[in-house]
Each structure stands twice: as structure tokens, then as C-alpha cells.
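J.: sequence first, predicted coordinates after that:
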Amino acid sequence: MIKIAVCGAAGRMGQRIITTIIETEGALFCGALERPGHPQVGQDAGMLAGCGTSDVHITDSLNDVVAAADVLIDFTSPKVSLKNLEICALNKKAIVIGSTGFTPEERAFAAELAKEIPVVLAPNMSVGVNVCFKVLKDVARILGDDFDVEIVELHHNKKKDSPSGTAVRMGEVVAEALGRDYNKVANFHREGLCGERSKEEIGMQTVRGGDIVGEHTVYFIGQGERIEISHRAMTRDMFARGSVRAAKWVVGQKPGLYDMQDVLGLR
């Protein structure tokens with residue numbers, strides 16, 4: 001039985017993860033963490049998530065939560081996730097991080113800490129999205145430089161980072177397959193007389209509105225034809241299922257920085 005704790009337990013994502021853990025064979029929900037002063041601290045996490053009494057109460061003590069768990073699932077923010085990762089590393093406990101918006105420096109710091117413990121860090125825990133990553137790599141390699149690449153992503157109006165971590169990863173996958181440096185070819189803004197499109201650039205367009213869970217489309221646009229590869233998330237449950245799958249997988253792995261491609265055996 002894998003003992004799993006959840007950071008951000010009172011949030012929408014945290015509640016879905018808690019429900020998924022409780023419903024998953026071989027997983028035991030053992031801890032729920034929120035920031036100090038959060039109004040839900042002290043409440044039964046299972047009751048808050050709508051899945052009945054769990055006898056696990058939300059706490060603001062990171063050390064207590066990590067001490068009781070085999071692995072921590074964290075969907076918060078880069079700064080919070082890195083703090084939690086440090087504590088997990090000190091306690092030799094695994095962690096699954098689904099936060100997005102990491103800077104290159106923050107990712108490098110995470111990789112350094114991952115020398116001590118196994119870490120799954122992925123911008124999207126969805127099985128379907130990670131299959132898309134694999135498909136995009138193959139399609140980009142086959143099509144080569146004869147097709148322009150544009151990526152459009154849509155999310156709810158409360159999402160803080162832009163473009164989404166998933167869209168960035170899609171851009172990185174395509175750029176790598178085409179032998180390009182994503183950081184040099186990504187184009188986030190077009191306005192006015194900006195000139196014709198360069199052959200190497202990868203357009204990154206963002207839409208925010210309403211309660212859209214998440215939609216991503218990669219366009220490969222050639223002369224007289226177009227290929228569209230899309231993924232649409234209807235609920236957050238797929239992210240929760242993926243994170244719990246990652247948590248069960250990562251416990252017992254060697255120290256290192258992993259992602260969902262490793263978890264799903266897609267490498």
C-alpha cells in the first residue's frame with residue numbers, strides 16, 4: 001500500500017486528487033496540506049472533497065505530512081513546490097509535482113534536488129496529453145521544415161501562467177524534433193506590421209475565458225494541406241488519475257528527475 005499525501009488539499013485539483021486516491025486500489029490517503037491560515041485547516045479532507053469521512057484532517061505542517069507519507073502530490077505553484085521538494089529531499093520521500101510555470105533556473109534547482117530522491121515533474125499528468133507528446137515528436141520529424149507550426153491553447157480565466165506548461169512542452173517537443181531551440185524560435189506575439197512569418201518560428205497563442213479546463217491544438221500547416229493534433233480536457237479527473245498513477249510508480253524508483261513519459265513507458 002502506497003501512502004500518499006496531497007499539498008493544496010482544499011483546492012479544486014487537490015479535492016479531485018484526494019477522491020482519486022481514496023478510490024484507487026493500492027493507494028492510501030494519509031495526509032492533507034494547506035498554507036498557514038487557510039480557512040479549511042482542521043477540516044476533514046475527505047468530507048471537503050465530497051467523498052465522505054477520511055479521518056485525515058487538513059494541516060499546515062509540511063513536516064508532519066511528509067513524515068507520514070511515502071510520496072507527496074503537489075499541484076500548487078513553482079515556489080511552493082520547490083519548498084516542498086526541499087523538505088521531501090531532506091526526508092528521503094518521493095514527490096510528484098504538477099505545478100506549471102517553472103523558470104529554467106527553477107527547473108535546474110529541481111533537477112539538483114532530484115539527485116537525492118525520485119521526482120516526477122510534469123506540466124500535464126493526463127495520459128492522453130502525454131501520448132500527444134509522443135505523436136507530436138514523430139509527426140514533426142516526418143514533416144520536417146516544409147510545414148509551419150502554430151500552437152493554440154485555451155484555459156479558464158483564473159489560470160495564472162501563460163502560455164500553459166503543456167503548450168510550452170508541446171513547443172519544446174516539436175522544436176527538438178526539428179533541431180531547433182524552442183527558446184529562440186517561440187513567437188508569443190504578433191501585432192501590426194510584424195513582417196512575414198519566418199520558417200523556423202513556432203507560434204504560441206493563448207486564450208483565456210470562463211471555465212475551460214484545458215484545450216491544446218498543434219497545427220502543422222503546409223501548402224494545400226493542414227494537420228491538427230488536439231487534446232481537450234473535459235474534467236480535472238484525468239489529471240488526478242495521472243498524478244496518482246505517477247505517485248504509485250515513483251515510490252521505489254532511483255533518485256532522479258522523471259516525467260509522465262517515464263511513468264507511462266513512452267520513451
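T.: All right, it came through fine. A quick note: this is a predicted structure, and the numbers were derived from the prediction, not measured.
J.: so what's the residue lying closest to V131 once chain neighbours are set aside up against?
T.: Excluding the flanking residues, the one nearest V131 by Cβ to Cβ, 6 or more residues apart in numbering is L266, at 7.3 Å. C-betas here are computed from N, CA, C, even on glycine. By Cβ atoms under 8 Å, 6 or more residues apart in numbering, the contact set of L266 is N130, V131, F133, K134, M260.
J.: highest neighbour count among these?
T.: M260 (27 neighbours; other Cβ atoms under 10 Å).
J.: now do the same contact list for that one.
T.: Neighbours of M260 in contact, by Cβ under 8 Å, 6+ apart: V120, A122, N124, M125, V127, V129, N130, G242, A246, L266.
J.: thinking again about what came up before, make CSV out of the contacts of L266 and add pLDDT.
T.: Output for these, formatted as CSV (pLDDT from 0 to 100):
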residue, pLDDT
N130, 92
V131, 94
F133, 95
K134, 94
M260, 93
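J.: my guess is T166 contacts I151, does it?
T.: No. Counting by Cβ atoms under 8 Å, T166 does not reach I151; the two are 9.6 Å apart.
J.: find the residues that touch each one of those two.
T.: Shared contacts of T166 and I151, defined by Cβ under 8 Å, 6+ apart, comprise H216.
J.: show me which of the contacts of M260 is closest to I73.
T.: A246 (8.0 Å; Cβ to Cβ).
J.: isn't there a helix covering the closest one?
T.: Yes. Assigned with DSSP: H, G, I helix; E, B strand; the rest coil, A246 falls within a helix.
J.: from V71, how far off is it?
T.: 9 Å (Cβ to Cβ, to the nearest Å).
J.: who touches both of the two?
T.: By Cβ under 8 Å, 6+ apart, the residues touching both A246 and V71 are V96.
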